[in-house]
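**Student:** give me a model of this one.
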Amino acid sequence: MNGDRNAGAHGGAACRDCGSWAVTADGFCEACGLRQPGADEHAEAHLVVDGRPALGAGISDPGLRRVHNEDAFALARLPDGACGVVCDGVATAPGSREAARAAAQTASAVLLDRIAAGAGPGEAIREAAGRAGEAVAALADGDGGPGPACTFVSAVVAAGRVTVGWLGDSRAYWLSAGESYPLTTDDSWAVQAVARGELTAAAAWADRRAHMLTAWMGAEAGAFEAHLAAYEPDGPGLVLICSDGLWNDLPDAAALASVALGGASGTGGEAAGEAGPLGAARRLVRAALDAGGHDNVTVVVIEFPPPDPTREPG
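**Tutor:** Take a look at the predicted model:
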């Protein structure tokens with residue numbers, strides 16, 4: 001970066017989209033019009049055990065076209081692994097930002113508590129989802145209008161197993177140098193239309209109703225029970241949970257794996273070569289922004305198998 005350039009008025013940073021330094025004090029780029037994210041719009045976290053390799057990392061970014069970030073995530077260490085939660089606020093429902101944050105924080109706290117008490121991953125996820133739904137429902141103002149709503153996806157990576165739970169269209173993936181594939185199935189109009197044999201996948205996803213949710217937490221959701229699935233990978237890889245701001249632009253699991261593992265980051269420089277879950281998370285978010293950043297994008301990446309806590313730092 002050229003040291004004699006004038007710093008922009010918004011924290012001394014260049015525009016995240018066009019690179020211009022003409023960013024005003026209220027956060028808008030005078031060159032391209034993009035509003036820069038506020039301090040609470042971008043979040044990043046990672047887990048490290050006693051200075052040893054990272055267990056996992058999470059990043060949430062508003063993207064390039066949305067005023068606010070209505071996604072949220074939580075990431076926590078377990079005795080023999082890690083767990084993560086991603087929630088995406090439903091844009092058409094009021095209070096969706098608060099809903100996503102309440103759901104992610106509540107679910108993470110319940111997961112930690114139940115697993116510490118000896119509950120199995122599936123039982124813990126099911127209870128976490130139920131309690132998260134209650135937290136979202138409690139945000140309704142009671143005036144009879146629509147309340148807040150969000151999606152939910154969670155992963156527990158521990159003891160040689162990956163357990164995922166979900167509701168809505170936030171997804172989980174298994175990513176590896178070998179086979180990569182989705183671990184969840186969307187609760188959406190397109191998926192149901194294909195399952196009923198009414199349309200081909202191509203026709204369903206081209207329909208304007210494709211992304212309509214058929215299950216969610218919060219407003220008018222009714223009684224629900226999160227879907228559960230468990231996997232025992234036979235080799236190393238990464239567990240990814242994410243909002244649709246990532247998979248809308250990169251829906252193919254192999255393409256996600258290529259980016260996450262550093263084969264096609266499109267970034268260059270230090271970010272492209274950064275190792276571990278944090279590097280993978282940064283490359284995935286960067287890929288979503290490079291594809292247009294049309295929506296909020298949130299990713300949590302957890303390493304499998306979790307690093308051995310007795311292993312000496314390399």
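
**Student:** L55 reaches P306, doesn't it?
**Tutor:** Yes: using CB atoms under 8 Å, L55 is in contact with P306, at 5.5 Å. Using the backbone N, CA and C atoms, a C-beta is placed for each residue, glycine as well.

**Student:** so what sits against both of these two?
**Tutor:** 81-82 (CB atoms under 8 Å, 6 or more residues apart in numbering).

**Student:** neighbour count: the two, which is higher?
**Tutor:** Each of L55 and P306 has its neighbours counted (other CB atoms under 10 Å); L55 has more, 27 against 21.

**Student:** ok so that one is a helix residue?
**Tutor:** No: in this structure, L55 is strand, not part of a helix, as judged by DSSP: H, G, I helix; E, B strand; the rest coil.

**Student:** relative to A124, how far out is it?
**Tutor:** Distance, L55 to A124, by CB to CB, to the nearest Å: 17 Å.

**Student:** over to A190?
**Tutor:** Distance, A190 to A124, by CB to CB: 30 Å.

**Student:** what of M217?
**Tutor:** Note on M217: its distance to A124, by CB to CB, is 17 Å.

**Student:** more crowded one of those two?
**Tutor:** Counted by other CB under 10 Å, M217 and A124 do not tie: M217 has more neighbours, with 29 against 26.

**Student:** show me where the stretch 101-250 of the chain has its helices.
**Tutor:** Counting by DSSP state H, counting those that start in this stretch, the stretch 101-250 of the chain has these helices, from start to end: 121-137, 189-195, 201-206, 244-247.

**Student:** against which helices or strands is the second one packed?
**Tutor:** In this case it means helix 189-195. Under the contact definition 3 or more CB pairs under 8 Å, 6 or more residues apart in numbering; DSSP states H and E, helix 189-195 sits against helix 201-206.

**Student:** return the set of buried residues in the helix it packs on.
**Tutor:** Buried residues in helix 201-206, defined by neighbour count with 16 or more other CB atoms under 10 Å: 204-205.

**Student:** average pLDDT for the helix or strand harbouring G58?
**Tutor:** Secondary-structure element containing G58, defined by DSSP states H and E: strand 54-61. For strand 54-61, mean pLDDT rounds to 93.

**Student:** how about it as PDB, C-alpha atoms only?
**Tutor:** Below are the C-alpha coordinates for strand 54-61, written out as PDB (Å, rounded to 0.1, in the frame of the first residue of the first chain):
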ATOM      1  CA  ALA A  54      -6.600 -24.000  15.500                       C
ATOM      2  CA  LEU A  55      -9.600 -26.100  16.100                       C
ATOM      3  CA  GLY A  56     -11.900 -23.900  14.100                       C
ATOM      4  CA  ALA A  57     -12.700 -20.400  12.900                       C
ATOM      5  CA  GLY A  58     -15.700 -18.300  12.100                       C
ATOM      6  CA  ILE A  59     -16.300 -15.100  10.000                       C
ATOM      7  CA  SER A  60     -19.400 -13.100   9.400                       C
ATOM      8  CA  ASP A  61     -19.400 -10.300   6.900                       C
END
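
**Student:** and the next element down the chain from it?
**Tutor:** Downstream of strand 54-61, the next assigned helix or strand under DSSP H and E is strand 71-78.

**Student:** return the set of buried residues in that following strand.
**Tutor:** Buried residues in strand 71-78, counted by 16+ other CB under 10 Å: 71-76, 78.

**Student:** repeat that for stretch 250-266.
**Tutor:** Burial within stretch 250-266, assessed by neighbour count using 16+ other CB under 10 Å, is assigned to 250, 253, 255-262, 264-265.

**Student:** for the helices of the stretch 101-250 of the chain, which one sits closest to A82?
**Tutor:** helix 121-137 (11.6 Å; CB to CB).

**Student:** any residues touching that closest one, and which ones?
**Tutor:** Under the contact criterion CB under 8 Å, 6+ apart, helix 121-137 has outside partners 85, 87, 99, 102-108, 110-111, 114-115, 119, 147-150, 152, 154, 156, 158, 161, 163-165, 167, 217-218, 221, 224-226, 228, 230.

**Student:** mind redoing it with 6 Å?
**Tutor:** Contact with helix 121-137 is made by 99, 102-103, 106-107, 110-111, 114-115, 148, 152, 154, 156, 163, 165, 217-218, 226, 228, as judged by CB atoms under 6 Å, 6 or more residues apart in numbering.

**Student:** same question, stretch 184-204
**Tutor:** So stretch 184-204 is contacted by 166, 168-169, 171-172, 205, 209-215 (CB under 6 Å, 6+ apart).

**Student:** okay, those residues in TSV with distance to L139 and pLDDT next?
**Tutor:** Formatted as TSV, the contacts of stretch 184-204 follow (distance: CB to CB, whole Å; pLDDT from 0 to 100):
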residue	distance to L139	pLDDT
W166	21	98
G168	17	95
D169	21	96
R171	24	97
A172	25	98
W205	32	88
R209	27	91
A210	28	88
H211	23	87
M212	22	92
L213	18	91
T214	22	91
A215	18	91
